[in-house]
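K.L.:
next one to model:
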Amino acid sequence: SSCKFFYEFCDEDSSTPDCVRTKYGIALGCFGFVLSAIMCLINISLGSAGFMVELVMSFIVFALNCAGIGLITFGWGPGTFLGNLYFFTWLIWGISGYLLLSLVTEFMGGGAKGNSGIEMDTGAGGGARQEAPQPIVEETITSRI
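P.N.:
Residues are numbered from 1 along each chain as shown. So this is what the prediction gives:
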């Protein structure tokens, strides 16, 4: 949508505020796509990109999307009117925020999760989990009758 707006309203003199903001929207979309593709390729080839790499990358994407919200959907931005650009700018901001929040929550909780999302035991307790003790039920002669 930013490309469509750029080709329709910006000419050789693209230094107007709406054209500069449109260029940021185009660059933000390209950067988000390339960064996501790189993270996918790293995860596929290495099995995991490393938790801190994912945390830093998601923080960068979220920060850029926060700036994108202000530049694209407010003031002279190309997405000030309700439409695809407006809604998808907010949608991508929400998705990147959710991703960052889940990674920060995982980081603060200290639990390591594998690619399957199943929590792994990282403690020094030998890896065996203890179950809650079951109540002892005594059988009596009257309970059998």
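
K.L.:
ok, longest helix in this protein?
P.N.:
Using DSSP state H, we find that the single longest helix of the chain is helix 17-46.

K.L.:
next, the angle helix 17-46 makes with whatever helix or strand comes next after that one.
P.N.:
Next helix or strand after helix 17-46 toward the C-terminus (DSSP states H and E): helix 51-73. If you take axes from the mean of the first three to the mean of the last three CA atoms, to 10 degrees, helix 51-73 sits at 160 degrees to helix 17-46.

K.L.:
which residues touch helix 51-73?
P.N.:
Helix 51-73 is contacted by residues 2, 21, 24-25, 28, 31-32, 35, 39, 42, 77-80, 85-86, 89-90, 92-93, 96-97, 99-100, 103-104, 106-107, 112 when judged by CB atoms under 8 Å, 6 or more residues apart in numbering. Placement of C-beta: from N, CA and C, glycine included.

K.L.:
again, 6 Å this time
P.N.:
Contacting residues not belonging to helix 51-73 are listed as 21, 24-25, 28, 77, 79, 86, 89, 92-93, 96-97, 99-100, 103 [CB atoms under 6 Å, 6 or more residues apart in numbering].
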